[in-house]
Every structure is written in structure tokens, then in C-alpha cells.
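>>> Provided below are the primary sequence and the corresponding predicted coordinates.
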Amino acid sequence: MAGEISIRAGIIPGGGDSGRSPKLAAVKYERRLTTRHRGAGIVSKKYRLGADQIRPLATGRGGCYATDSITVDGHQVGFMYRVPPDNEHDSGWRFFSGLESDEYANDPENLAIYDVNTVANYDPEIVRLLDALAGSAFERDRASGELMEVDFRPPDDEPRGTDVL
């Protein structure tokens, strides 16, 4: 039996080599994420970190969305924003590397739900920002390499209620 989660994301950071700022490269989309079964198993990805490499850096913070550019390809978080949590399991955090093209980010195969602690293990710099309030957004500064607060307003169609997690 396939599990489905309806999602809508409102920011597609960076756009790869397009030179666009993540906060300006917004694209709205709606997709159905389905756990697909092939044969007897679930389709899996080769994550950059193994389960034995995940340390307790930001435990108990709930779930979040992150792209494969971070968890599979191993890129740092380049853009992150927080919306009000949809339910008791959602942290409200959305993480992107900033290298995703619109096409990549619009493909639900490249986005998944993770525990915030997992994403923190891919980029520990985010830990200091995780207490930021909903409505906060941070972008990696190209010159300094630091995540800096930026002005950003998530789209009005950000997932709500039972759509998420």
C-alpha cells in the first residue's frame, strides 16, 4: 500500500548556476509524494551519511523538508526558512542547498521529510538557527559562507493542516 503526502513548496533556492538569489527564485508547485514499491522492497536512495554517522545535534525538534541535494549529494544548506508547524510532528523548517534548479525542486523524487536532527548532521551550522521563529529565513552569504537572516515571505499556499507529515 502506498503512502501519500500532499505538499506545496514556495521557494526554490538558487536555481543552480543561474546566479539568482534563493529568496528571489520562487516557484510554487503541488505534487503527491508516494512511497513506491518495486518488487518486494521500497525504492531507496544512497544517502551521504549512514545511520551510524548521525549524532544527537538537534534532537526532539520534529520533522522538516529537505532536498536530496543536501542528503544525497552532500551539499551544505544554502537556504532555509520556517513556517508555522502544520502538526505536532512538523518543525516548520524547509531546507534547500540553493543549487536546485526549478525542475529539480519540482520533482517530488528529490524532496523528502526528515527529522531536523538528520539535516543538522549534514550541516551543523544550522543548529544555532533552529530556535528562530516561524517567518524566519536564512541564506548562505557567498562571500562569508555564513547563513545570514534574509527577508522572505513564504507563499500563501504553504502546506497546512493534515497535508504535511
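The structure has been received and is ready for your questions.

>>> Residue ranges in the protein under the pLDDT threshold?
Within the chain, the stretches with pLDDT under 70 are 1-43, 155-165.

>>> so after the top helix by length along it, what's the next helix or strand?
When the chain is parsed with DSSP state H, its longest helix is helix 116-122. Downstream of helix 116-122, the next assigned helix or strand under DSSP states H and E is strand 137-140.

>>> so who does the closest residue to Arg153 other than its chain neighbours touch?
Of all residues not flanking Arg153 in the chain, Gly135 sits nearest, at 7.8 Å (C-beta to C-beta, 6 or more residues apart in numbering). The C-beta positions use only the backbone N, C-alpha and C, and glycine is treated the same way. Shown in contact with Gly135 (C-beta atoms under 8 Å, 6 or more residues apart in numbering): 82-83, 153-154.

>>> Please enumerate the helices of this structure.
With DSSP H as the criterion, the chain has helices at 68-71, 102-105, 116-122.

>>> What residues are bridge-paired with the residue lying closest to Tyr114 once chain neighbours are set aside?
Distances taken as C-beta to C-beta, 6+ apart place Ala66 nearest to Tyr114, at 5.3 Å, with adjacent residues excluded. Per DSSP bridges, the residues bridged to Ala66 are Phe95, Ala112.

>>> what about Ala66, distance to Ala143?
25 Å (C-beta to C-beta, to the nearest Å).

>>> Tell me which of those two has more neighbours.
Between Ala66 and Ala143, counting by other C-beta atoms under 10 Å, Ala66 is the more crowded of the two (25 against 5).

>>> just checking, that one touches Glu100?
No: with contact defined as C-beta atoms under 8 Å, Ala66 does not reach Glu100; the gap is 10.9 Å.
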